[in-house]
Structure formats: C-alpha cells, structure tokens
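> give me the fold of what follows.
(2 chains)
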Amino acid sequence: MIPMTPDRDALITGIGLISCLGEGEAAHLAALDAFAPVVDESSFAPYPVHPMTALALDTQIPKRGDQRQMEAWQRIGVYAAGLALDSAKAKGDTALLERMDMIVAAGGGERDYAVDAAILAALPKAADPDLYLNEHLMADIRPTLFLAQLSNLLAGNISIVHGVIGSSRTFMGEEASGADALHIACARIEAGQSEICLVGGSFNAQRPDAILHDAMGHALWRGRFAPVWSRLPAGGTILGSVGCFLVVESRAHARTRAVAPKARIAGIRTGRCGRAPGEAAANAARQVAALGGAAAASAVLSGACGTAGPTAEERSFLDGLGLPVRAVATALGNSVEASFPAAVALAAISVARGKLFPPLEAAEAACAGPPSGVFVTSWGIWRGEATALVVPAEESGRG
Amino acid sequence: MADTDHLGRPIVAVTGTGIITSLGQGQTENWRALTSGVSGIHRITRFPIGGLRTMIAGTVDFIPVAEPSAPAYAQRLAELVVEEALGESRIGRPGDFPGPLFMALPPVEMEWPQRRALAAAAAVNDGLSYADLIRAADGGHFEPWFERFLFGSVCEGLASRFGTKGSPIATSTACASGGTAIQLGVEAIRRGACEAALVVGTDASVNPESLIRFSLLSALSTRNDPPSAAARPFSKDRDGFVMAEGAGALVLESLAHARARGAVILGVVEGCGEAADGFHRTRSSPDGKPIIACMTRALADAGLRPDAVGPGGIGYVNAHGTGTPENDKMEWVGIAAVFGERALALPISSNKSMIGHTLTAAGTIEAIFTLYTMRFGLLPPTINYDIPDPALPIDCVPNTARPAKVSHAISNSFGFGGQNVCVVLGAEPS
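The predicted model follows:
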C-alpha cells in the first residue's frame, strides 16, 4: 500500500446540499435542530415523498436552454454541484475546473409519462401493436429526451454548465453507487492519483416511474409519515428528492488554495453480500472494525432506508455499537444514489460545528459533546453495505 | 525486467480475455472473422422493424437468454466472456476471484414488454395513467422485475457468481464506458488496493426504444441494404454508426503477481488518459481539445512520446471510428494534433466497420482486439472503405488486414455527454 501522509488526507472542502429541508449547510442544520418532517403525502398517495425545496434555478444554471435540456434529476444534481463548487471557492476558476476530477452516482432519467400512457392505452386496440409502438416512439418521443435520460448525462451537464472537465465518471447501482463514488474519489486522492474531485449524486423522488419501480418490489411505506425506526416491524421506504455534491481534496492541494476544510474522510469501506440473515451485519462489523472500531466515533448517521429486513438488522447491529444514531432518511427521505453523499455531508457539517443535531425520533439517543468522529452507514434497499468515518479536518486530529 | 513502470508503479498485465460480438463467441472465432474483413451487421430479427428508419444492427442472436431484457442479455454475455477470460488466466478458484469487479454497463430501465404487462394488469379501459400502473405493480407479483431493473442487478449477479471482492462497480460514461472500466482496474492495482481486477464491458441494448432514441438523434446509419456495408468509418459517404451488442472481459493483474504464479502475460495496460468535454451534449469541442487531452494524458501516463517511432513508439491506433461524420473528423483532427506528421503514416483502423458500435462494451472489446493485434502481428482492417474522404488523409488499413509488428498501441473511446478515454496497450512488459 502507498503510505498515508497528512498531505494525502481526503478533506471535504465544499458541500452542496439540497433537499426537502432547504438549500445549503445552514438551512439543513437549522431544520435538523428543530426537526419537523417535510412530506408530501398526497401527490403520490398512498405513498408519501419528501419533496425538493424550491430552487432558484437561474442562480446555478443561468442558461434557460441548459435548463430545458435537462430533466428534474439532472437539474437537481447540476444545482447541487454548483453549490458545492461555490462552497469550495472553485466556481468559475477555469484553470482549476479544467483539471478537477468528477465522479457522479446516477440512476437513470425520467420518462415522458404522457407519451408512455398514451401508447400503453392504445396498444391493445392497435391492429399491429408492434408496428404501432415503433411508429409512435419514432413520432412522439422528444429527440432530446434521451439526453435527459442517460445516466452519464448528469455528469455531462455539470461539465457543460460548470466546466468541470478534468475527468468524468458515472457510477450506477442505487445506494451503493454513492458510496462507491466517494470511496474511489478518496482512494485516488490518498494514493496521489487525484488532487481534487467533485463527487456526489442526485435523486428526484417526485417521479412516477421511480414510485412504480419500488411498488413492484413492495418496498414503499404507505400512509402517514413515520420516522425510519418507527416503521419497524412492517417497514417501508419513503423516497426523498435530494441533490448532494462534495468537493473532496487532498490536504496539500487545499493548503495551496488556502481553502478551509470542513471535515476529513478518515476512511470508507464498501462491500456486498447476498443478504442472508446476518450477512449485512457481518459486513458492517468488519467495516467498522477496519475503521478503528466503535471507539473511533461518537455517533452514527445511518442510511437505513426503512425496508423491514435490512433496517431491522442494521438497528440491531447499531445497538451493539452503543453510539447515538440518527436515521438520515427520516429527515431527507431515501434518496438512493444521493443518500450516502448527503449523509456524509451532514456528518461533515456536524463535526465541523462540533455538535450533532438532536434525535429525530424517540428511538434515538442524544449525543453529548462535540463528536470526535461520525460513522456514516449505507445499506442499500437491495444490496450493498458501506461505512465511512468522518472526523474533524484538523491535522492534529489524525489518529 | 522490473515489475514497476517509469513512475515506479506496479505494471498492470493482462492475463486473460474473453469476447463476444456479433461475429461470434470467443477469441478464435472473433479474431478470425475480424481479420478476414467479415461484417457482423445484419437485418434485425429480434423484434419487428416496421416503421423504423434503421433496420440493421450487430445483435448477438446466438446466446439464448430466459426472460430477455437488455440487462438479462448484458448479464449473460458478461458471464460468458468472464468464464473465457478466467479460463485463460487460470487465476483464483471457481467462484473466488481474488479482486474487485469493474463493469461497463448501459443504463438499466424497465422496457416495453414489462410496461405492457403492467398496463394489462391495471385493466383500465380509458385514460390509463402511471397511477394505474403503480396500483397494478403494488397489487401484483412483479418482484422479479424490481430486482432485474435495479441498476445494481447485473453487477450483483456477476459478483455473486464469480466471487469478486468488495463492492462491484458499474460505470457508465456512454461509449467511453469500457475504457473507464479498464482505467478503474488499472488505478486500483497501481495504488495497491488489489493485485488483480476483473474488468468487463457488456451491452445488449438493441430493443425498439433504444434504437429509436439513437435514431432520433440522427446518429445511426440508415443504409439498410446491404447491412454489411452500413458501417463505413472514414469513408466520405459514412452516414452514422450501427448499433451493436457484445461483451469483453479482461483479467488485469500486477505483473509481479502474474509472474509469481507463472501466468502467461498477454499484454500490458501501459497508460490511461481521460478528459471531459464541456462543449455540447452530443457534439465534441470544435477544437478537438478534449480528444487531444485524453490521448496526450494517456501517452504521458504510459511514458511514451507521441513522436517516438519504431519499437519505442505507438505503432497502431484502434480508433473510436464510429462512422458518424462528426466523430471520424474530430478523431482525425485529434490524432493529427497529437502525432503531427507521423499521423499520416500511422495505421488507424476501426473495428466498428465490422462489429458495429458495441456502445458501453466498445472500450473493452476494442482494447482486447488491440491486444490481439499486437500479439498476432496483424492489423484488422477498416472495411467498406470505398470512397476516401479527402479531409481525412488516413491509413485506415483499408478493407484488408495487414501484417505489422506493433509494440505499443492506443485504443480510443469517446462518449456522448463528453466523456473521452484513451488506453495505451503494450505487447509485453518493457
């Protein structure tokens, strides 16, 4: 292994976070300190969703033409990426952006719901359904819709709108892809393969095809909002619209730019299993041990998504650690690809201000004093387990 | 010979490859067809083609798949090429590959047969909406489709079957994905995160909507007859790419690890370079800057000078060469800028003239063909090169394969959305 030096520490120097709780670090802290759920229980009833806060799109995506070329998931992501670049004092610094790396965790784009519905309604009555499908896809799909659907076009739009062009990679795979993106970004920085990387993802929960997909898996929570741990034993996930990007940077590079780091990512471990009972917990236990054990942190931000099996198993595992826990999805919803970057962002904000936000429900304990470190977990709704350790940025804090 | 490169990093060797294209299954069949100038492009039979402008593709029709869908095909092709690559590499034990999986995968989504089944289950006479589909999904038994159409499902299937280590990563940088997957593997070995990595690119997306999406962007050739003549990279009368399917797998391994276990070294990944393009969603920068940057960075990463000739220089370019008017022009502009006068004498051929554009898989498939090119001393041709484009004074190895000794070669991959990757491959450790 390449030896670690403080110069190669992976620091978070920029955070761009938007969700149902608002825009930016201060808005999120304020909302979490006085938590009240922001939920839309009617638009997709019986399934509640956490809706995106109102965005002044022109502030981050100045060209209307660019806005029109994107679907909501891309606008959310490009907006959050812009906030992260602002936060890292990198926005508009062409020389820096030309060599800035980028890893995006992305799902896919949205459908043209009207076109889909019209074709599906007409197909059974068509004389030749296959021909009808071909002809109507040819005639009715907006040619540029493809560009709003392709997974890698969130990254493409960030390059176009913000000029991040050093490199561009897109990872796919639901919750795990967000952890993989951050993991690879940090590993490259620690090994000297990268100096600065924009990394994150976005998710639009307010889209019928996302609801449809999870409905096939009977994965969704129904009815009135309930916080994550309170959904057990029945379980169920509540999707949330979130955009989150981080600027992760080597300590040496941040020093030359004279930007103040917000926190350090001390380590990330990722893994998978087939989810036989106990397997995910065993993965998580190995990850926490590799990151220094329970003593390395004073709190956990859990990515538990609410579905019964994994959420119950994670709860039991976390109880064993004996640390105060916050289920981030209670506040932001399950934002799939964006969920891990968003939870890491909240961990960074918490260690930076030296205080975790209060419990989000009765099942969560208070956290006394400033957190020395925060574990961030991500157990995907179907697959993938990851743990990060986020600690204060100061070099003296290196263990 | 050292096990480290010019920057002191572990040299990354290739010890196994597996390949499927429309030309056939496996290394032998593919290489024979590719160097004989055979086209794998044919009229589409997988689904009715009435009403379409483009009716041809390089589909892989000889691999049966139960409950077909793009991810199901992609997974099956990937399984087969990985088996071939592992058989050649003899690394690890069955179901226990000693390293991570990096996979180039197209975006996954539910397709029309599933939508139609949900619509039928919704049983609405008039005014069908997504709310009806959701209700049908909730009340029905569509759980297998929930898993099948998760983005993580193909990777999970492979990771579980072959016992790769850690979280499997599926990457999509459009038509550059295969190059990105190789780069992820190379970087992981170089930083000491692993001694071996399994890299796979797979794509089997020829279905009505995917074809139509590319068609609506005017990216596809409409030269339907004869299908074998449609893909004509670098020709003056080129009119677009031909969608195709396929998969490629590479076992990457640190040279030290490969040598220690006595593995046969098939070639070396000497360098990778990438650059994104912020110019436009489907068009590349008119100055060719990102294409130039990714090739320049790859050469620098490999420690090779663009002006070097002979055994110490690049002797062959496996072009992205899609056959769209724009790509081939910009690729030549880029190559000419990077290699200068040398570009005129540099063999630059496009596998896509025969296998079509395997999209997400192209970067891995073409890197593998580039390794074979060096290994077997034979440059695959660019077929259908009937009318030279005066704007592209290129040695595209026209129509017939040509023997050549090549020590170093590059494989280019450029994607919609502005993601460009160049991989430098070497015949053997230097």
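
> residue numbers of the stretch 1-150 of chain B in contact with chain A?
B:47-53, B:105, B:107-110, B:112, B:115-116, B:118-120, B:124, B:126-131, B:133-134, B:137-138, B:140, B:142-143, B:145-147, B:149-150 (CB under 8 Å from any CB of the partner chain). Any C-beta I mention is one placed from the backbone N, CA and C, and that applies to glycine too.

> pairing partners for the helix or strand residue B:19 falls within, with directions?
Using DSSP states H and E, the element containing residue B:19 is strand B:12-21. Strand B:12-21 pairs in its sheet with strand B:24-25 (antiparallel), strand B:246-254 (antiparallel), strand B:267-276 (antiparallel), by DSSP bridges.

> for the residue of the stretch 301-430 of chain B found nearest chain A, what are its contacts?
When distances are taken as CB to the nearest CB, the stretch 301-430 of chain B reaches nearest to chain A at residue B:417, 3.2 Å away. Applying CB atoms under 8 Å, 6 or more residues apart in numbering or on different chains to residue B:417 gives the contacts A:147, A:150, A:152-153, A:155-156, A:159, A:168, B:173-174, B:281.

> surely it is in a strand?
No: counting by DSSP: H, G, I helix; E, B strand; the rest coil, residue B:417 is located in no strand; its state is coil.

> need the pLDDT of it.
In the prediction, the pLDDT value recorded for residue B:417 is 81.

> list the residues that contact residue A:335.
A:19, A:201, A:203, A:205, A:239-242, A:244, A:329, A:342.

> element containing the residue most central in space within chain B, please.
Taking CA atoms, centre = their mean, the centroid of chain B lies closest to residue B:362, which sits 1.6 Å from it. Here residue B:362, judged by DSSP H and E, is contained in helix B:362-376.

> now do the same end-to-end measure for stretch A:105-112.
End-to-end distance of stretch A:105-112: 23 Å, with CA to CA, to the nearest Å as the criterion.

> and it, is it in reach of chain B?
Yes: using CB under 8 Å from any CB, stretch A:105-112 comes into contact with chain B via A:106-108.

> which parts of the stretch 201-350 of chain B are strands?
Using DSSP state E, counting those that start in this stretch, the strands of the stretch 201-350 of chain B run over B:246-254, B:267-276, B:314-318, B:348-349.

> so of the ones you listed, which one's packed in deepest?
Highest mean neighbour count of those: strand B:246-254, a mean of 31 (counted as mean count of other CB atoms under 10 Å in any protein chain shown).

> okay, it in CSV with CA atoms only?
Output of strand B:246-254 as CSV, limited to C-alpha atoms (Å, rounded to 0.1, in the frame of the first residue of the first chain):
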residue,chain,number,x,y,z
GLY,B,246,-21.2,-7.7,-27.4
ALA,B,247,-19.1,-8.1,-24.3
GLY,B,248,-15.4,-8.2,-23.4
ALA,B,249,-13.6,-9.2,-20.2
LEU,B,250,-10.1,-8.7,-19.1
VAL,B,251,-8.2,-10.1,-16.2
LEU,B,252,-5.9,-7.4,-15.0
GLU,B,253,-3.1,-8.3,-12.7
SER,B,254,0.0,-6.7,-11.3
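
> now that strand, how far from the centre of its chain.
11 Å (CA atoms, centre = their mean, to the nearest Å).

> per-residue pLDDT, the spatially most distant residue from the centre of chain A?
When distances are taken from the C-alpha mean of chain A, residue A:127 lies farthest, 45.7 Å away, according to CA atoms, centre = their mean. At residue A:127 the predicted local confidence, pLDDT, stands at 97.

> got any ranges where chain A has weak pLDDT?
A:1-4, A:397-399 (pLDDT under 70).

> state the helix or strand in which the residue lying closest to residue A:49 once chain neighbours are set aside lies.
Using CB to CB, 6 or more residues apart in numbering or on different chains and skipping residues adjacent in sequence, the residue nearest residue A:49 is residue A:205, 4.6 Å away. Using DSSP H and E, residue A:205 sits in no helix or strand.

> got the phi and psi for residue 39?
Since no chain was named, I'll use chain A. The phi and psi torsions at residue A:39 (degrees, to the nearest 10) take the values phi -140, psi 140.

> let me rephrase: I mean chain B.
Per-residue torsions, residue B:39: phi -100, psi 140 (degrees, to the nearest 10).

> how about it, what does it touch?
Counting by CB under 8 Å, 6+ apart, residue B:39 touches B:227-229, B:231, B:353-354, B:383-384.

> may I see the ChimeraX selection of the buried members of the residues you listed?
Per 16 or more other CB atoms under 10 Å in any protein chain shown, the buried members of these correspond to this ChimeraX selection:
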select /B:227,228,229,231,353,354,383,384
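
> can you tell me, leaving aside adjacent residues, what's nearest to the residue of the stretch 301-430 of chain B closest to chain A?
Spatial nearest neighbour of residue B:417, excluding adjacent residues (CB to CB, 6+ apart): residue A:156 at 3.2 Å.

> which SS class is residue A:352?
Under three-state DSSP, the three-state class of residue A:352 is helix.

> residues in contact with the closest residue to residue A:207 other than its chain neighbours?
Take residue A:207 and drop its neighbours on the chain: the residue closest to it by CB to CB, 6+ apart is residue A:110, 5.1 Å away. Neighbour list for residue A:110: A:71-73, A:148-149, A:204, A:207, A:209 [criterion: CB under 8 Å, 6+ apart].

> got the phi/psi numbers for residue A:110?
phi -90, psi 160.

> from residue B:114, how far out is it?
Taking CB to CB, to the nearest Å as the measure, residue A:110 falls 17 Å from residue B:114.

> nearest residue to residue A:44 other than its sequence neighbours?
residue A:211 (5.3 Å).

> quickly find the element holding that neighbour.
Per DSSP H and E: residue A:211 is located in helix A:208-216.

> next helix or strand past that helix?
strand A:242-250.

> hmm, the residue nearest to the centre of chain B is touching residue B:414, no?
No: the pair residue B:362 / residue B:414 is not scored as a contact, 9.8 Å apart, by CB atoms under 8 Å.

> right, I'll leave it there.
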